[in-house]
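Student: Show me the folded form of this:
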Amino acid sequence: MNIFFPISGISVNIFLPPLVAFVISFFTSMGGVSGAFLLLPFQVSFLNYTTPGVSGTNFVYNIAAIPGGVYRYFKEGRMFFPLAIVLTIGTLPGVFIGYFIRVKYLYNPVVFKAFVGVVLLYIGIRLLFSLIRPKKVERTKNFDLKILTSNIFRAAFEFQEKTYSFSNFWVFLLSFFVGIIGGAYGIGGGSIIAPFCVAVFKLPVYVVAGPALLATWITSILGVFYYSLNPLGSPGSEPDILLGLLFGLGGIAGTYLGARCQKYVPSGIIKLILSLSILFLAVKYIFDFALHVFFTL
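Tutor: A predicted model of the protein is given here:
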């Protein structure tokens, strides 16, 4: 049964968006990612939703879908709030800058798809890199998190009999630039922050996942506000709330189950599936942009 969405101007089977969102979010939420970075290419390529409002619609999906995963991580005691606070404070101002870039300089669908391709290429390479150089991890059932230090400069915690620490300044700086990308792309930045925290700051994915999802959820609220308010008056920037909520119905179930199953699914399998799908989309979008440039010269 197809339903028409007047804001986005698309018609789609009512069961397709929640089904796609469920499958994507189930796997991505295990790594602290809502799955919005894969939903956007689906909307652009499959649903032909290419106006700036697609980014705001992605934020609506995040708002509806992420609470399921956040609740599960909080219930299991793996929500490290000091990290979540720094990530949120850093990404919030970046989201507004990202909105400005999206509606001012990336309105053309071809250019925007090239931008999406570059972002996806970075994420895919990071995931593949972690597979090529895997670390030996001792299997344990202990997932208790103990905060050791939390101040304006540094934070430290103990997890699985190991001590981890990070500089709040560098995490804030990373979050700010990621917020710019996330604001333009409509992902909140979690899909970039999570693998970066794991690969660069050497933090365990079991601890990063919850804060990354929570920060993405908070910044997505601001993202929807920016795109709905549309201060630059750009046509087509209004998010499709109904479509975003329809994606969110499947997303909230997927993020909850993904967070619950995270401890039992090998991370290598999840990373391989994600990296291959991401790199395929990245190469396709960049190639399409190259062809567009070639034929317009």
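
Student: any idea how far residue 69 is from residue 262?
Tutor: According to Cβ to Cβ, to the nearest Å, residue 69 and residue 262 sit 9 Å apart. Using the backbone N, CA and C atoms, a C-beta is placed for each residue, glycine as well.

Student: the more surrounded of those two?
Tutor: A direct count of neighbours by other Cβ atoms under 10 Å for residue 69 and residue 262 places residue 69 higher, at 35 against 24.

Student: which residues touch the residue nearest to residue 255 when sequence neighbours are not counted?
Tutor: What sits nearest to residue 255 in space, not counting adjacent residues and going by Cβ to Cβ, 6 or more residues apart in numbering, is residue 69, at 3.3 Å. Taking Cβ atoms under 8 Å, 6 or more residues apart in numbering, we find residue 69 in contact with 25, 29, 34, 209-210, 213, 255-256, 258-259.

Student: Taking those residues together, which two end up most distant?
Tutor: In the contacts of residue 69, two members sit farther apart than any others by Cβ to Cβ. They are 25 and 210, at 14.8 Å.

Student: of those two, who's got more company?
Tutor: Per other Cβ under 10 Å, whichever of residue 25 and residue 210 has more neighbours is residue 25, with 34 against 27.

Student: show me what contacts that one?
Tutor: Residues in contact with residue 25 (Cβ under 8 Å, 6+ apart) are 34-35, 65, 69, 250-251, 254-255, 258.

Student: Kindly report the same for residue 13.
Tutor: The contact partners of residue 13, by Cβ under 8 Å, 6+ apart, come to 1-3.

Student: looking at the sheet around it, what are its partners?
Tutor: Beta-bridge pairing of residue 13 under DSSP bridges involves residue 2.

Student: Give me the distance between it and residue 1.
Tutor: For residue 13, the distance to residue 1 - Cβ to Cβ - is 6 Å.

Student: shared neighbours, residue 69 and residue 262?
Tutor: With contacts taken as Cβ under 8 Å, 6+ apart, residue 69 and residue 262 have 29, 209 as neighbours in common.

Student: Tell me where the stretch 151-297 of the chain has helices.
Tutor: In the stretch 151-297 of the chain, the segments counted as helices under DSSP state H, counting those that start in this stretch are 168-185, 190-199, 205-229, 241-261, 267-296.

Student: right, so of the ones you listed, which gets closest to residue 151?
Tutor: Relative to residue 151, the nearest member of these by Cβ to Cβ is helix 168-185, separated by 8.0 Å.

Student: Phi and psi next, for residue 51.
Tutor: The phi/psi pair for residue 51 (degrees, to the nearest 10) reads phi -70, psi 160.

Student: and it, how many neighbours does it have?
Tutor: Counted with other Cβ under 10 Å, residue 51 comes out at 22.

Student: on that earlier part again, select, out of the helices of the stretch 151-297 of the chain, the one closest to residue 78.
Tutor: Closest to residue 78 of the helices of the stretch 151-297 of the chain is helix 205-229 (Cβ to Cβ; 5.3 Å).

Student: The closest one: which residues count as buried?
Tutor: Residues of helix 205-229 classed as buried: 205-220, 222-224, 226-227 (neighbour count, 16 or more other Cβ atoms under 10 Å).

Student: ok, now stretch 229-249?
Tutor: Buried residues in stretch 229-249, counting neighbours by 16+ other Cβ under 10 Å, are found at 230, 234, 236-241, 243-249.
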